[in-house]
Structure formats: structure tokens, C-alpha cells
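> have a look at this prediction, sequence included:
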Amino acid sequence: MPAQSRTHSIIGKLLLVLGLLLVVNSAYIAAFGSPTLFYVVNGLLHPALGVIVAVLSAVYLARHWDNFAGYAGKTLVALLGLAAVLGIYLAVVGMTRPHSAALYAHVAAAIAGLVWLLIHLRPRESESLVSGVGSHGMPLMPWVCTFLAPFKTPRHENRAVATKLWTQERVWRWSAGVMLASAAFYGVATLNDHAYPNPRYMIRNPRAAPASMDDEGGGAHSFMFPSSAQTPDGKPIFSEFFMSSESCRRCHADIYDQWQSSMHHFASFNNQWYRKSIEYMQDTIGIKPSLWCGGCHDHALSIADKMQKLPIRDIENTRAGQNGLGCMSCHAIVHVDSTMGQGGITFEYPKLAELAESNNPLLRFLHDYDVKLNPKPHRNAFLKPFHKEPDQVPEFCSACHKVHLDVPVNHYRWIRGFNDYDNWQASGVSGQGARSFYYPPQPRNCVDCHMPLVPSQDFGNIHGSVHSHRFAAANTAVPVSHGDTEQLQEVEKFLKGALSVDIFALAEEPEGEPAGAAVAGRRQETPQLASTFAVGEESSAGLAGAPVAVGPPAKLAAPLGRVRASLTRGETVRVEVVVRTRKLGHFFPGGTVDAFDCWLELQARDSHGRVIFWSGAAADDGRGPVEPGAHFYRSLLLDAHGNVINKRNAWAARATMYARLIPPGAADTVHFRLKVPQDSGDAITLTAKLNYRKFSWWNTQFAFAGVPEAVAPVSPRAASNQPVTVPAPPPRGREFDTYEGRSETRPYRAPPPAVTNDYDDRRWAFTGDVAQVSAKLKQIPDVPIVVIAQSSVTLPVVASDSAAFAETLQLDPQDRERWNDYGIGLLLQGDLKGAERAFGIVTKLDPKYADGWVNVARARVQEGNTDAAKPVLEKALELNPDLASAHYFYGLALKADGDYGGAYSQFARAAARYPNDRVNRNQMGRMLFLQRKYRDAVREYERTLSVDPEDLEAHYNLMLCYRGLGSNEQLYLRFKADEASRAITGPYKLAHPEDNNEAQPIHEHVSVALEFAESRTRYSEGKSPKAKVRSQNVRAAP
């Protein structure tokens, strides 16, 4: 054979083999994205094969260009040539999202070229390969047959005979089969991936909650217990893995810089507030319980098995202790157990992570090049469905933003801690709640608010944007302590406007008890949840659990700003202020609400500039504690001795004095009693501000400089709050002793310890050394007060002999929402007549607003006046037949009438639109139970538990159903509130009248002493703090 023919044959063989290998390789890398070495090698092989095939094709084309002169040949060359050029371009720049158009064009051109090649080469029946020319004049197949002949013919036959035996038809079919098989392989693999997603990446709740904390996460023998965090093999992962965020910076510089300022970065011992709380926790109850915190806050220590072995003071200043939550703390999670929180996550060390962190520059280069060349395996390794799918992201976040405590942590019992997931899930914001007052235009989740799109050219950006990793929320304290003004500005911008404040009305001050204070008892169907947090739409008691006030509503002058209202000298009037959540998807405030200063301030100043009323003043020009009579939004918790939980010592919480939070899409109506002085100016300006300070003044002083006083403990049960001196006990070891002045000898009993698992009776001074605090500023910071929202109105002052207060209502359709918000606030307090009056006005302002009629019915149903509720519900359904809230409350009305079948039908119609509304599901189960359909009721309650395995109402009613079936189930007792805690709150209320007032559903606020107000007229309004160290002894929490 001539040399030219041999070269021709070799090129043909290589082109065929490598071309088909490239097809198979392409199908594999397109079908999968496995972060394995085999896949990575195939990914690197793809451009190498592509370049070789392109070069061989160019050589072949140059030698046989005349055979491609036709239109079909030129089209084929153009398609394959475009695929080659785009492939080379992508091999240089990478297949990242900014180059997606080039990637899709490359794939489309390659597929079109291969299809056109098959069509172009399809032979005619009579054609043979002996001539070396195909049916379309393309000399492509002789070398194919020459190459394949030895595989099908005896070895002694010559190649000429083999060439004659093989037809172009059979070779064409063989080549087409490889291509079609590759396409089928890709299709089947893709369909299988969609039809059967990896169960590790799916968040599903168990059918019932574990009976104890021992059964959560990896169990009581897990190295992470009592946290639910774990690893697949139950073994630790080394710290360096969680400290590798710097390696991510090479491709994600903007995201890395955002994360540097985030509260995820400052979640560990680089945050002085958290550091102090864990130091105090370990000093008080030991190391093991602190892992309950470490499972979410300290992965570089806890998952590495370091926090288990050493006191935190020994390792908190190490690189691991100062790491916070890095990229791997979220992106190395491969499984989330459920929506029960507790850090129920599983970490896995990615197989290729060592390449990214390698000290070998070549390996590191190859890793980075491969990630840019084909980001799919990198994306699959670090961006699971629950990181990005809207229906899974909130469930993912619930892993660390929902907690409960139990015996291994608090040595007490199960009790709900903070919970930012359930009230979102049950609300209108999630699109899953059937009974909400308001709904956003589109459902929103955690990412929509806390990770908005921001401009960036990072690899992985989508249309020039990435999700912000600042996680801006509400923490202004940490940015101040580290001097991060940019993060502080972002947080303040996020907070401002999240709620609104409306000075809505003046109300006649009733004589004696406030209007609407006649309370009628209302029996709850289910026990109360053991919780330190508020309960919203996730419980039937959440929006209707307050005592029912059925007295006549107060006379109003409303709405202010619309109606002509005035104040009378020497008279007392009630000022009605409405606070409404607008941009929140969970309670306001959220998170660890026992540690914040969040309150509504009202100040009245006359035309002479004199302050005549001030509720909610803060001492020290706004830098000190808030006066105790303010209207707070917080959870006030007590330990076993009635001490306030103010050191983040949630494990000692034994009673909840009150938990006042505002649900998403709801409102709170606040009442202030204003006394107008006789010598007031001719006008008074009322200014209401919703103030936010994280953390509370007391907690900040404690975190930076708190040390126990060296005095004997004094229980808050004592009448006096002053320190007392007690005699020193006899020397230890003596069973009997004689006290001075006494002749008898009696057994000596040592005084109780000052601090235990259940209480801390010690007093604290803020005189500790701040030189080693985890902050850039080595001093106690002045955390700024952010004014989230404010409102002002100026009212004229008239003579004392003017006409008596008369109801004056100015009805304008533009005020529909103001009236509705006012009514919502009254309804949630239990002022049913006031709420019904407000909602009735809403229906007059807008008769076509179906929710207004539903809200009237809410008040009547809660009052028990179901006969009056039905007509307005029918009116609402006439306006909107699919309104789920109307069906729900109509079901409650029918239930009260004993029409359980009819009620079930109404609840079922609501469930058709909102299948995950657990309260509605529980009512469906209740109707079946009351009809003695126990097994059907069990199935309904099991559907509730698929949404929340810890739902108390479902567990309680399941107990009743199983009892009806002759069985016994008492898991509900785990979640039921401890009635004995009232023995703690009772004495505390007597000693703290301001907190007792605040604990009442309907209450009023009065002014601080005016001399107090006059001395603080320079009150700071959220200005940048001027930090300075203050050494003070504090006898009680503010």
C-alpha cells in the first residue's frame, strides 16, 4: 500500500475511533455531574479529545475538500466547525454561567452536525465500498471497512476481500448505533435523575417525633450529642475543612467578601456575645450540653471533636475557635433530617476537596481549571437541591433556626426554644397558611429576604447577579463591635420599613377598668405548648388564644390625620398606636428574643417644647437600659428561682412570664394613657417610634464585662432587691455546731448553692477586664438603637370646659387598611367588640373586600356568636367562593352547632387550596374524631405530623383517637406545658408590677416621671455609637 494511502487509513481510523469516543464521553459528562475522580478525568478528557478530533478532521478535510463542495457538505462542515470553534473557546474561558450561551450553541451545533453527518452518509442499497466512494461522493468508508475487517473476517483472508464484504450500510448502522445509544443513555440517565432524585437531598419529616432527645440525630452515643448534627460514618471531620473558605475566594471573591461581614462568619467565638454565653454555660452546667449550641455555631471545633474534649476557654482563641461558620458549614451538608431543627444536619467530606486545598500548585491549578471547564460536579457537590429549590430552602434553614431543649441540656424537660420556621410555614407569606390576614403578591422564603440578588461578576453569577451572602437581618451589635460600618448600614437599611407605626386614634379613657376588660373564660380543646417563644398561625390558639374581652368598645376619634381631633386640658385620654409587620416572613422580632431590646416608644411634647409624656425612654441619652414600663416585644423568661433569663441561659428557663411577638402579616394595638397638663401649650405633638437594639443593654454589659459579685446570693423571692449579709457558715465537715446566742445544738445545713442547673441567684457587676474580648474595639460597645418605623401627629389643645369627648369617625376608603390593622391588633388581644367594630367599618369602606367580612366573623366566632358569624361568612364566600379563610371559619361555626359533617366539608375545601395548613388539618381530624371515625382521623393527624412532627394538637388528638381504638399513646405529654411553672410567675408578678402589666393581653402604658424625661431630652435616635467603657454595678435586670 502506498505511503499516502497508509496515512489516509490511519487518519480515518483515528477519526472514527476518537470521534465515537468523543460522542460517548459527551453523553456521559452531560448525563452526570458526579464529583468523583473518574468524572473529573472524563471532564478533562473531553476538550483534549475535541481538539484532537478537530485537528484530524481539518487534515482529512484538506485532503478531500472537493468531496465537500456541495451544499450538504458545506453545511456539515459549518456545523461541525462551529462546534469545534465554540469548544475551543469554552476550553479557554470555561463553561461558567456567563458563557452559557456559548455552551448551548456548542452542544446544539455538535448534535446538529452529527445528525446531518448520519443523514449525509446514509448509503444506497446497491452501493459498495470497493470504489472508496460513498453514495454522496465522500471517500470516507474504505478505511473504515479496512479497519473493521479483521474483527469480522478470518485472519487468512486478505484486506481486499474484507473490503468487499463490508458494505457501507453495515458500517453506517454501526456508527449510528453508537450515537443513538449515547443519546439514549443520556436520556435515560436524565429521566432517572428527575424521576428518582437522591433521597439524601430530600427533606422529609418522620411520621412522629422522637420520644426523647436520645433518639434525635445520631443518638445518645454520637460524638455530637446532644446536638443532632452528625457525619455519615459517625466520625469527626478535621477542622481545616471548615476553615477552607479562603480557597473559595479564588472564584467567588464578592461572595467571600460579603460572608466576611456576615453573622454566619461571626457565629462562633469571634462574637463576644456568643463567646460569653458559652463560657458561662460551661462554667454552669459543663461541656457536654454546650454541644447543643456547637452543632450549629462551631463546626470547626465541634465536628472536629475538639469542643468535646477541652474547655472552651482553652481553644476559643485558636484559628478554629475564631473561624465562625465558613462556606463548608452550609455547602458540605448532604442531608437534613427534618424540619424539627436542632442542627439536624449531616456533613460529608467531598472526595475532591483535597485538590482545592492542595499545596501543590499544579494540582490546585488542575482543580481550578476543571471547575471552570465544567462546574457541574462542583455545583452538585456544594449546591444541593435544598440550597436552591424554593420549596426546600426554608426547610434547610430550619435545621439551625428552630430549636428545642430537653433533659440532656436543661435537666428539666422538652421546651420549645426560638423558632423562625413554623410561623413562616403557617403564614400567608409562605403561601401555605389558609387563615392569614394578609398575603404577599407571591409567596416568599428565606432567600428572598435575607439573600437578595446583588450585582457581581463572580463565577457562577446569573445575569450579572449573585445572592448576597451578607445575610443581612437584625444584628447591629456585632458590626459595631468589629467596626464594620458597611455591614451596619446594610442591617439598618434592612430593618427600616420592615414594620409600620400608626398613631391611629384617641379613645375615651374609661373610669375604672379599661373598656373591653370584661373577661369571659374560654375552654381550650388542647393543652398549651411548652414554649419560650410565641405561637402564631401554626396553632389554633395562636391567633385566638388570649382571654376573651366582650365589654363595649371605647369611644374613638379616628383615624388621626383624617379626623379633626383635639386634646382637653386636665383630661386623660387613651392614645391608640398600631404596629404592623410588613416585610417579615416570621415573628417580629425573630431569633433569640429573650436577649433583645425591642420596644414601642411614645413621646408627647407640647408647643413650648416641654415633654409631657414619655413611655419607653432609655437612660443615658439612649445608651442605657430601657425603662421597665415600656411596651416590649420580647420573651421574658424566668429560672426556677424567678430570676430573669438575661444571660442567654435558656437551659435554666422554667417559666415564661410573657412572649409578645407580632406574627407576619398581622398587627399589635398598643394603648397609652396620656394626662394633658392644665398648663400645656396650645398643641401637642405625639411621636411614636418602634425601636430595636440587639442586644439588650444588660446582656451587652454582661457579655463584655460581667463578673459575679462577691456577696451572698439573694433570691428574687425576697421582698427587697438590696444585697443582704448572712452569717458565714461553720467550717465544713462539722455535723453539729452551736450558734452564738443559742444554747441548743442543732444540725448544720449549708445554704443552697448560688448557681445550679436550674437557677442563678448571683448578682453581677460589669467591671470585668475587656482587654481580651472578641471584638476589634476592646471596650463595652454602645449598640445603636435603630428606629425601624415612626409616626407623628400634632393635635390642638382646647380648654378644660370644652365639650366632653364624643366619638368622631371619619370614614374614607383610603383608610381601609388602617382600620383593618387596628382591628387585627384588638382581635389578637382578645378585645372582640373593639375588633368587630373596626372590621365592620372595613366592610363599609370596601364592601367588596371579602377578607373584611371574614374578619368580622373571626371576632364573632371567637366570642361564640356563631349565628351572627354565618351571614357575614356567606357574604364573603359570595364575593370569593374560593376564600380558604372563609371556609375555615364557616367550618368552626358549623362545628359549634354540632354539624360535624358540614364542618368537615368546609375544612376540606380550605385544605384543597392549602393542604399544608396544619390547623385546618387538625380540625378535619377533630371532626372525624367527633364522628367516631377514629382511623380516618388518625390519617388526618398523621398528615399534620408530616408538616410538623412536634405538633401538640395532633399528638393530643391522636392520643384520644388511639384511646377510642383501644390503644394508648401519650407522646403529647412531651410537648405539653408545665402548669407548675405558675408557681414561679406568681411571686415574680407581685415583685415586678411593670412586667405583670405587660403580661396582660389588654393593658395600658403610662409615662415615666417627667423629671426623668426632662433629663433625657437628648435621646439618641439610632445614631452611630460612640463607645466608651462604663463600670457599673447592676442589682437587677432592667
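Yep, it's here. Numbers count the residues shown, from 1 in each chain.
> quick one, domains of the chain?
Split into domains by automatic domain parsing, the chain comes to 3-196, 216-351+384-400+441-447, 871-990.
> closest to Ala652 out of those?
domain 216-351+384-400+441-447 (8.0 Å; C-beta to C-beta). From N, CA and C alone the C-beta is placed, and that goes for glycine too.
> endpoint to endpoint, that closest one covers what distance?
27 Å (C-alpha to C-alpha, to the nearest Å).
> pLDDT (mean, whole number) over it?
Averaged over domain 216-351+384-400+441-447, pLDDT sits at 96.
> mind listing what the lengthiest strand in the chain pairs with, with the direction of each?
Looking across the chain with DSSP state E, the single longest strand is strand 786-798. Here strand 786-798 has these sheet partners by DSSP bridges: strand 567-568 (parallel), strand 683-693 (antiparallel).
> just put those strands in CSV and tack on distance to Val447, mean neighbour count and mean pLDDT.
Putting the strands paired with strand 786-798 into CSV (distance: least, C-beta to C-beta, whole Å; neighbours: other C-beta atoms under 10 Å; pLDDT from 0 to 100) gives the following:
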stretch, distance to Val447, mean neighbour count, mean pLDDT
strand 567-568, 47, 20, 96
strand 683-693, 23, 22, 98
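> for Ser268, find the nearest of those strands.
strand 683-693 (22.7 Å).
> one step back: what's the mean pLDDT across the longest strand of the chain?
Rounded mean pLDDT across strand 786-798 is 97.
> could you list every helix and strand in contact with the helix or strand following that strand?
Using DSSP states H and E, the helix or strand that directly follows strand 786-798 along the chain is strand 808-809. Secondary-structure packing of strand 808-809 (3 or more C-beta pairs under 8 Å, 6 or more residues apart in numbering; DSSP states H and E): strand 556-558.
> what's next to the strand it packs on, contact-wise?
504-508, 563, 565, 576, 805, 807-810, 819, 822 (C-beta atoms under 8 Å, 6 or more residues apart in numbering).
> go through these and name the one nearest Ala220.
Out of the contacts of strand 556-558, the member with the shortest distance to Ala220 (by C-beta to C-beta) is Tyr822, at 51.2 Å.
> before we move on, back to that, buried sites along the longest strand of the chain?
Neighbour counts using 16 or more other C-beta atoms under 10 Å place Val786, Val787, Ile788, Ala789, Gln790, Ser791, Val793, Leu795, Val797 of strand 786-798 among the buried residues.
> repeat for stretch 885-905
Buried, per 16+ other C-beta under 10 Å, within stretch 885-905: 885-895, 900, 902-905.
> which pair in those spans the largest distance?
Between any two of the buried residues of stretch 885-905 (C-beta to C-beta), the greatest distance is 20.2 Å, for Ser885 and Tyr900.
> residue boundaries of the strands in the stretch 251-400 of the chain?
Taking DSSP state E, counting those that start in this stretch to define them, one finds strands in the stretch 251-400 of the chain at 333-336, 345-347.
> so Ser946 touches Ala208, yeah?
No: in this structure Ser946 lies outside contact range of Ala208 using C-beta atoms under 8 Å: 10.0 Å.
> pLDDT weak spots in the stretch 901-1038 of the chain?
For the stretch 901-1038 of the chain, the stretches flagged by pLDDT under 70 are 969-972, 1011-1038.
> quick one: the helices in it?
For the stretch 901-1038 of the chain, the helices defined by DSSP state H, counting those that start in this stretch occupy 918-930, 934-947, 952-964, 972-975, 982-991, 993-998, 1010-1014.
> so which elements touch the fifth one?
Right, helix 982-991. strand 634-638, strand 655-660, helix 993-998.
> which of those has the highest mean neighbour count?
strand 634-638 (a mean of 24; mean count of other C-beta atoms under 10 Å).
> and stretch 33-41, how far from the chain's centre?
33 Å (C-alpha atoms, centre = their mean, to the nearest Å).
> with stretch 580-594 instead?
For stretch 580-594 - counting by C-alpha atoms, centre = their mean - the centre lies 11 Å from the chain centre.
> so for that stretch, mean pLDDT?
In this model, stretch 580-594 carries a mean pLDDT of 95.
> now distance to Asp606 too, for the helices and strands packed on helix 982-991, in TSV please.
TSV is the format used below for those (distance: least, C-beta to C-beta, whole Å):
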stretch	distance to Asp606
strand 634-638	31
strand 655-660	31
helix 993-998	26
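> ok so, going back, need the strands of the stretch 251-400 of the chain in JSON lines with mean neighbour count and distance to Lys276, can you?
Formatted as JSON lines, these follow (neighbours: other C-beta atoms under 10 Å; distance: least, C-beta to C-beta, whole Å):
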{"stretch": "strand 333-336", "mean neighbour count": "21", "distance to Lys276": "28"}
{"stretch": "strand 345-347", "mean neighbour count": "22", "distance to Lys276": "26"}
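> Serialize those strands to TSV and add fields for distance to Ala595.
Listed next are the strands of the stretch 251-400 of the chain as TSV, based on distance: least, C-beta to C-beta, whole Å:
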stretch	distance to Ala595
strand 333-336	26
strand 345-347	24
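> among those strands, which is nearest Pro663?
strand 333-336 (25.2 Å).
> in its sheet, what does the closest one sit against?
strand 345-347 (antiparallel).
> distance between the strand it pairs with and the chain's centre?
17 Å.
> pull out the buried positions in the helix or strand encompassing Leu21.
Using DSSP H and E, Leu21 falls within helix 3-31. Using 16+ other C-beta under 10 Å as the test for burial, helix 3-31 gives 8-9, 11-12, 14-16, 18-20, 22-31.
> could you do stretch 195-207 as well?
Applying 16+ other C-beta under 10 Å to stretch 195-207 flags Tyr201, Ile203, Asn205 as buried.
> got it, and stretch 298-315?
Using 16+ other C-beta under 10 Å as the test for burial, stretch 298-315 gives Asp298, His299, Ala300, Leu301, Ser302, Ile303, Ala304, Lys306, Met307, Gln308, Ile312, Ile315.
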